[in-house]
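Visitor: I'd like to go over a predicted model; first the sequence, then the structure.
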Amino acid sequence: MHAVTSDDHAPARPLLDEIERYYDAVPRSAARAEDFGPLTLFLREGDTGWHYYARPTLRHDGPAATAEDVRRVLERQREAGAPEAFEWVAEQNPELRAAVEAAGLTVHEHPLLVLGPQDEPLPTPAPPGTTEVRVLAPDAPELAEAVAVPHVAFGAPGTAIGAAGAAELARAEAQSTAEGAVARVAQRITDGTTVLAAALDGGTVLCSGQYNPVGAVGEVVGVGTLPSARRRGLGLAVTAALVAHARAGGVWTVFLSAADEDVARIYRRIGFRPFATALIAEPAPPAA
């Protein structure tokens with residue numbers, strides 16, 4: 001995957017810079033930043049909340065990160081009990097891949113897609129039957145299920161219909177509530193840092209997703225469908241609702257990362273276009 005450009009030879013630099021500023025800003029609402037020269041590590045405040053990652057320092061104009069820089073960050077992540085994870089955009093910092101691989105991490109590629117100010121979303125078919133899609137308020141009774149659905153979905157990767165359904169959702173909902181995840185999302189909705197949409201049928205959440213706005217830019221994240229409810233177009237319907245809400249609120253650049261090319265093709269159906277590649281580096285899984 002390569003960045004989309006006017007002449008298809010150079011990266012679309014203004015868009016890449018805009019996304020880079022977003023990636024630096026969005027963790028700062030819930031994490032503290034620690035300076036490691038060419039790298040910045042985001043660590044959550046307290047013992048609860050989302051874990052974050054390290055990434056290239058915004059506007060760094062010194063030497064590029066080395067494997068030793070990466071090892072220093074990894075040591076700090078281990079000390080803090082945080083995941084050993086780095087995230088960045090390949091076209092923005094192509095040199096970082098060699099450094100993280102030299103430090104022993106495995107790099108995964110994910111297509112980045114965007115709907116920019118000049119792009120019009122394509123029509124999305126209405127969800128089937130009695131399914132409705134709506135943006136949820138922080139006190140919505142369905143919020144706990146909506147927070148839990150992606151956890152069930154990502155536990156069964158892919159797009160194929162699966163067995164996980166109501167029973168798995170109930171367990172995930174109880175866990176998300178006990179761990180404070182539902183309360184955190186409710187507060188972020190109240191604060192205006194997160195918008196959550198859900199597809200519901202008979203009062204049960206079948207699919208949900210979020211976007212996190214920073215100025216006129218927002219990233220769609222965590223779109224997941226219960227495996228037993230897949231292949232109904234619910235993920236696209238939820239994403240379209242998030243895009244419509246973003247545009248209505250003045251967020252004109254909406255982007256997302258897809259798990260793989262198969263998922264990216266789904267988002268292209270509603271007008272998203274590829275523009276770059278997100279890279280995630282983490283330790284290799286233990287050998288079987």
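Guide: Structure received.
Visitor: quick one: average confidence on the helix or strand where Ile19 lies?
Guide: Taking DSSP states H and E as the criterion, Ile19 maps to helix 13-25. Mean per-residue pLDDT for helix 13-25: 95.
Visitor: ok, residues contacting stretch 190-197?
Guide: 29-30, 133-136, 138, 143, 146-147, 185, 188-189, 208-213, 218, 238, 241-242, 245-246 (C-beta atoms under 8 Å, 6 or more residues apart in numbering). (C-beta placed from N, C-alpha, C; glycine too.)
Visitor: how does it look with 7 Å?
Guide: With contacts defined as C-beta atoms under 7 Å, 6 or more residues apart in numbering, stretch 190-197 is touched by 29, 133-136, 138, 146, 185, 188-189, 208-212, 238, 241-242, 245.
Visitor: Show the buried residues in those residues.
Guide: When those are checked for burial by 16 or more other C-beta atoms under 10 Å, the buried set is 133, 136, 138, 146, 185, 188-189, 208-212, 238, 241-242, 245.
Visitor: How much space separates the closest residue in space to Gly116 that isn't next to it in sequence from Glu91?
Guide: The spatial neighbour of Gly116 that comes closest, neighbours along the chain excluded (C-beta to C-beta, 6 or more residues apart in numbering), is Thr253 at 5.4 Å. In this view, Thr253 and Glu91 are 16 Å apart by C-beta to C-beta, to the nearest Å.
Visitor: Now do the contacts for Ala174.
Guide: Per C-beta under 7 Å, 6+ apart, neighbours of Ala174: none.
Visitor: for it, helix, strand, or coil?
Guide: At Ala174 the chain is in helix, as set by DSSP: H, G, I helix; E, B strand; the rest coil.
Visitor: Strands along this protein, start to end?
Guide: Using DSSP state E, the strands of the chain run over 31-36, 39-44, 54-56, 86-89, 105-115, 132-135, 195-201, 204-214, 217-225, 253-257, 273-283.
Visitor: Alpha carbons of the last one, as PDB, please.
Guide: Output for strand 273-283, consisting of C-alpha atoms alone and laid out as PDB, is shown next (Å, rounded to 0.1, in the frame of the first residue of the first chain):
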ATOM      1  CA  ARG A 273      -9.700   5.700  -0.200                       C
ATOM      2  CA  PRO A 274      -6.300   4.300   0.700                       C
ATOM      3  CA  PHE A 275      -3.600   6.900   1.400                       C
ATOM      4  CA  ALA A 276      -0.800   5.300   3.500                       C
ATOM      5  CA  THR A 277       0.200   2.400   5.700                       C
ATOM      6  CA  ALA A 278       0.000   2.200   9.500                       C
ATOM      7  CA  LEU A 279       2.700   0.200  11.100                       C
ATOM      8  CA  ILE A 280       2.400  -1.500  14.500                       C
ATOM      9  CA  ALA A 281       5.500  -3.100  16.100                       C
ATOM     10  CA  GLU A 282       5.300  -5.500  19.100                       C
ATOM     11  CA  PRO A 283       7.200  -8.500  20.400                       C
END
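Visitor: Next, the angle strand 105-115 makes with it.
Guide: Strand 273-283 runs at 160 degrees relative to strand 105-115, counting by axes from the mean of the first three to the mean of the last three C-alpha atoms, to 10 degrees.
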